[in-house]
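S.K.: return a 3D structure for these sequence lines:
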Amino acid sequence: MTAPSISPSVPAPIRRDRLTWAAYLALAQFTFFLNIQGNIIPFLKDEFDLSYRVVTLHPAAVAAGLIVCGLFGERLTRRYGRLWSVMLGLAGMALGAVAIIAAPHPAVSILGCFLMGAVGCLVLIVVPTLLADWHGANRSVAIGEANGISYVASLTAAMAVGLFVAIGFGWRAALLLGVVLAGLLLLFLRGVPMPAAAPVTVETGNRGGRLPAAYWLYWLTIIAFVGVEQSVLVWATEFLVRVKEVPVASAAIAAGAFSLGMLVGRLSSAFVLTRVAAARALYLSAIVTVPAFFLFWSAPNLPVAVVGLFAVGLGCALQYPLTLTKAIVTAGPFGELATARASLASGLSILVIPWAIGALADRVGLLTAISVLPILTVAAVAFLFVGERLARR
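M.R.: Below you'll find the predicted structure:
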């Protein structure tokens, strides 16, 4: 197989071949499993009669798994290859889902969540670098589209839980659906050869496996951007209920405006990035996100809050995939080391920042605590600016 686009600077129309779709679907499957655990937490809480502190160990276990894989996963992908790593990641997530389905005790379901993050993260390490190598100058479009399709999978996971519960099959049927889809994808992947990562030669490896300083600025940018995205996902409904006094059912529906904005933004990546350079698109995204957040934060009524949330989602949509793409390019021959460490950044951000917002809210109230998020966006822009300067040097 030969890559459809090898030019680093002159993009041709992106070609979505079988390898591209295999990568898209693998990342979508990872996102399905990653996000569905959030939808099943209320059911686990009720079935095992768990406290809030214990039940939140489930998403914490996923984040801990991402951190562990972010530290060590790249060694496995280098040793055993991309196809093996993706297939192991899919199988590990399916096994984690089976553990949650059959769990007789919360310790088993927490272990299943950890397995989803720790083994499934291999998919997150391989797919962005694979797409970057395969699509050359169209790498930003491909990674943006992959994340857009992943967001469709995230919404599908939420709808599957609601649908199966509504028709009496229970929440376990939604997890079982994910296991079946993972099995079908494993069969599909058997016929898709994946090009190996570029070898690290004496010339390309003269840094001794160390990532450049510019990469670590992008790494900090990822932490900030992911922290904003996850905090809005975690706290938007509660903010509408507690601060804006919206009924809980209406608040839950209204909070979906953020996810809709994210979906629209990510699926439009090809349209945006054929007209605007990636760095400029990131700066523009921050220009959209900050005022949109204050529109949501200060909204006098629910319709204005919904518009603000949609705009926040639209602004946040391309921030993670575009920053990740820049980090991969900056890393040169160490692309999978870059994505592994980016997974570590995501895990730390998911684990710490939404929790920190909650802890701050306990002291000063949610209205004040959530106002910290635009500061994180500004910090991300500052890290991005310095990273761009270092990368040019």
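S.K.: quick check: closest non-adjacent residue to Leu384.
M.R.: Leaving aside its chain neighbours, Leu384 sits nearest to Thr221 (4.8 Å; criterion: Cβ to Cβ, 6 or more residues apart in numbering). From N, CA and C alone the C-beta is placed, and that goes for glycine too.
S.K.: what sits against that neighbour?
M.R.: Thr221 is in contact with 323, 380, 383-384, 387, counting by Cβ atoms under 8 Å, 6 or more residues apart in numbering.
S.K.: which of the residues you listed has the largest number of neighbours?
M.R.: Using other Cβ atoms under 10 Å as the neighbour test, the contacts of Thr221 are led by Thr323, with 30 neighbours.
S.K.: what about it, is that helix, strand or coil?
M.R.: helix (DSSP: H, G, I helix; E, B strand; the rest coil).
S.K.: follow-up on the earlier one: so the residue nearest to Leu384 is in which element?
M.R.: helix 213-242 (DSSP states H and E).
S.K.: list the buried ones in the next helix or strand after that helix?
M.R.: Next in sequence after helix 213-242, counting helices and strands by DSSP H and E, comes helix 248-267. In terms of neighbour count (16 or more other Cβ atoms under 10 Å), helix 248-267 has its buried residues at 251, 254-263, 265-267.
S.K.: tabulate the residues you listed (JSON lines), appending distance to Ile287 and pLDDT.
M.R.: Shown next, in JSON lines, are the buried residues of helix 248-267 (distance: Cβ to Cβ, whole Å; pLDDT from 0 to 100):
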{"residue": "Ala251", "distance to Ile287": "28", "pLDDT": "81"}
{"residue": "Ala254", "distance to Ile287": "24", "pLDDT": "83"}
{"residue": "Ala255", "distance to Ile287": "23", "pLDDT": "81"}
{"residue": "Gly256", "distance to Ile287": "24", "pLDDT": "79"}
{"residue": "Ala257", "distance to Ile287": "20", "pLDDT": "86"}
{"residue": "Phe258", "distance to Ile287": "18", "pLDDT": "87"}
{"residue": "Ser259", "distance to Ile287": "21", "pLDDT": "83"}
{"residue": "Leu260", "distance to Ile287": "20", "pLDDT": "87"}
{"residue": "Gly261", "distance to Ile287": "15", "pLDDT": "90"}
{"residue": "Met262", "distance to Ile287": "17", "pLDDT": "88"}
{"residue": "Leu263", "distance to Ile287": "21", "pLDDT": "86"}
{"residue": "Gly265", "distance to Ile287": "14", "pLDDT": "89"}
{"residue": "Arg266", "distance to Ile287": "18", "pLDDT": "83"}
{"residue": "Leu267", "distance to Ile287": "21", "pLDDT": "82"}
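S.K.: domain ranges for the protein, per the record?
M.R.: According to automatic domain parsing, the chain comprises the domains 18-195, 209-393.
S.K.: one step back: and the two most separated of the buried residues of helix 248-267?
M.R.: The distance between the two most remote of the buried residues of helix 248-267 (Cβ to Cβ) is 25.5 Å, for Ala251 and Leu267.
S.K.: next, count neighbours for Pro291.
M.R.: The criterion is other Cβ under 10 Å. On that basis, Pro291 has 14 neighbouring residues.
S.K.: same thing with the one 5 residues further on?
M.R.: Phe296 sits with 25 neighbouring residues when counted by other Cβ under 10 Å.
S.K.: any figure for the gap between it and Val161?
M.R.: The spacing between Phe296 and Val161, counted by Cβ to Cβ, to the nearest Å, is 26 Å.
S.K.: now Thr56
M.R.: From Thr56 across to Val161, the span is 18 Å (Cβ to Cβ).
S.K.: looking at the two, which is more packed in?
M.R.: In this view Thr56 and Val161 are compared by other Cβ under 10 Å, and Val161 has more residues nearby, 23 against 15.
S.K.: so the more buried one versus Gly168, what's the distance?
M.R.: With distances taken as Cβ to Cβ, Val161 is found 13 Å from Gly168.
S.K.: same check, this time on Ala331
M.R.: On the measure of Cβ to Cβ, Ala331 and Gly168 end up 49 Å apart.
S.K.: and for Leu76?
M.R.: Here the criterion is Cβ to Cβ. By it, Leu76 lies 41 Å from Gly168.
S.K.: those two: which is more packed in?
M.R.: Using other Cβ under 10 Å as the criterion, Leu76 and Gly168 rank with Leu76 on top: 20 against 7.
S.K.: correct me if wrong: the more buried one contacts Cys121.
M.R.: No - applying Cβ atoms under 8 Å as the test, Leu76 and Cys121 come out as separate, 10.3 Å apart.
S.K.: for the closest residue to Val98 other than its chain neighbours, helix, strand, or coil?
M.R.: Spatial nearest neighbour of Val98, excluding adjacent residues (Cβ to Cβ, 6+ apart): Val179 at 6.3 Å. Here Val179 is recorded as helix under three-state DSSP.
S.K.: so who does Val179 touch?
M.R.: 94, 97-98, 101.
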